[in-house]
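K.L.:
this is a predicted model, with the sequence first.
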Amino acid sequence: MRSSASSTSEAGNATVGFVASVGLLLMVVYTIIAAGLGWYVHAIATDAAMEGARVGAAANSTEVAEARTRDLITGALSPAYAGGIAATAMPDGIEVVVTAPVPGAGFLGEHVIEVRAHVARE
């Protein structure tokens, strides 16, 4: 038979353990989701920059490259991600640079990704 002193000293231990475990589990799940969203934005920005540079090189125009890149990012994500697009004419082609915020990293400060695509003129 257990004494009443030992049962009262352990009362509430399961609750504390559960709260600590759930808190840690939520942080791990949030980190995985934030990493997935960051990867998704990076993939979309890279593909849009490559396609914009390709179209801009074919048209021999940086304005066309920026517009195409902006259209692709706005269509796939949001206009908030299409604010930092710059196309530059190079001697051998066009380079498109996309700067976009990383979603889900708000509590870590402001984070942005920058991707570059360079395509030779045809």
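P.N.:
Sure, I can see it. Numbers count the residues shown, from 1 in each chain.

K.L.:
only C-alpha atoms from now on, for both contacts and neighbour counts.
P.N.:
Fine.

K.L.:
how close does A58 sit to A49?
P.N.:
14 Å (C-alpha to C-alpha, to the nearest Å).

K.L.:
please disregard the earlier target; I meant A87.
P.N.:
Distance of A87 to A49, given as C-alpha to C-alpha: 9 Å.

K.L.:
what do these two both touch?
P.N.:
Taking C-alpha atoms under 8 Å, 6 or more residues apart in numbering as the criterion, A87 and A49 both touch 96-97.

K.L.:
who has more neighbours out of the two?
P.N.:
Remark: of A87 and A49, A49 carries more neighbours, 31 against 25, as counted by other C-alpha atoms under 10 Å.

K.L.:
helices or strands up against the helix or strand harbouring that one?
P.N.:
For A49, the host element (DSSP states H and E) is helix 13-59. For helix 13-59, the elements it packs on are helix 62-76, strand 93-101, strand 112-120, judged by 3 or more C-alpha pairs under 8 Å, 6 or more residues apart in numbering; DSSP states H and E.

K.L.:
could you tell me the angle between that helix and helix 62-76?
P.N.:
150 degrees (axes from the mean of the first three to the mean of the last three C-alpha atoms, to 10 degrees).

K.L.:
single out the most deeply packed of the helices and strands packed on helix 13-59.
P.N.:
Stretch with highest mean neighbour count among these: strand 93-101 (a mean of 23; mean count of other C-alpha atoms under 10 Å).
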